[in-house]
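Trainee: got a structure for you, letters missing:
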């Protein structure tokens, strides 16, 4: 299984600012996924990040609000821009094991916007 | 939108009892996975069952899949207090391998 790390693990941010979350995987992967989990809710896919191409966003999520970078096959960043209290959530990155199709998640970044 | 719904939403049992959670989904799938999440932390992968499999075991976990009914169940036998967590099913239906999560079941195991 893949080992995934995220930074920061948590942050408290002011309204109107931006936060960039980093995701590092211990092996090369084609696709990385970013999810959001709002308080008490399930996980919702934000976007799929492919190395060398633009990220693909799910309905309800836009690049201006959640820009994503994917500079290589082991790393990705998600930025939460112009934050509001509604952005307070856990943000998780994820990868799929190519051989087993099992999907693994990072430990998450707990974001609180005040 | 959620692909799946789980029931019950919450379940409280005594230690040693079995816990059963159900997941229903809407579209055809390639795989179905179950995850555990403790107190809003990261997700722990429990088990993956493929669409051509009907049952799978891993330790105290037993997962069944009924593609005709578009449903799956997770059975935890001889539950322990440490099993207290939220459990999610997630389905992989598309070619991009992304998974869509169910609504989750919150399990409490009382010592």
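Mentor: Yep, that arrived. Being a predicted model, the structure only gives us computed values, none of them experimental. Numbering: from 1, shown residues only, chains lettered A, B, ... in the order given.
Trainee: check which helix or strand covers the residue lying closest to residue A:16 once chain neighbours are set aside.
Mentor: In this structure, residue A:16 finds its nearest non-sequential neighbour in residue A:82, 6.0 Å apart by Cβ to Cβ, 6 or more residues apart in numbering or on different chains. Heads up, the C-betas are built off the backbone N, CA and C, glycines and all. If you go by DSSP states H and E, residue A:82 is not part of any helix or strand.
Trainee: State the distance from residue A:82 to residue A:23.
Mentor: From residue A:82 across to residue A:23, the span is 21 Å (Cβ to Cβ, to the nearest Å).
Trainee: neighbour-wise, which of those two wins?
Mentor: Shown here are residue A:82 and residue A:23; by other Cβ atoms under 10 Å in any protein chain shown, residue A:23 has more neighbours (26 against 11).
Trainee: so what's the more buried one up against?
Mentor: Residue A:23 makes contact with A:4, A:5, A:6, A:32, A:34, A:75, A:76, A:77, A:78, A:93, A:106, according to Cβ atoms under 8 Å, 6 or more residues apart in numbering or on different chains.
Trainee: again, only using 7 Å
Mentor: Contacts for residue A:23 were tallied using Cβ atoms under 7 Å, 6 or more residues apart in numbering or on different chains; they are A:4, A:6, A:32, A:75, A:76, A:93, A:106.
Trainee: Identify the bridge partners of it.
Mentor: Beta bridges link residue A:23 to residue A:6, residue A:76 when assigned by DSSP bridges.
Trainee: for the residue nearest the centre of chain A, what are its contacts?
Mentor: For chain A, the residue sitting closest to the mean C-alpha position, by Cα atoms, centre = their mean, is residue A:34 at 3.4 Å. Contact analysis of residue A:34 by Cβ under 7 Å, 6+ apart lists A:46, A:47, A:49, A:68, A:78, A:91, A:93.
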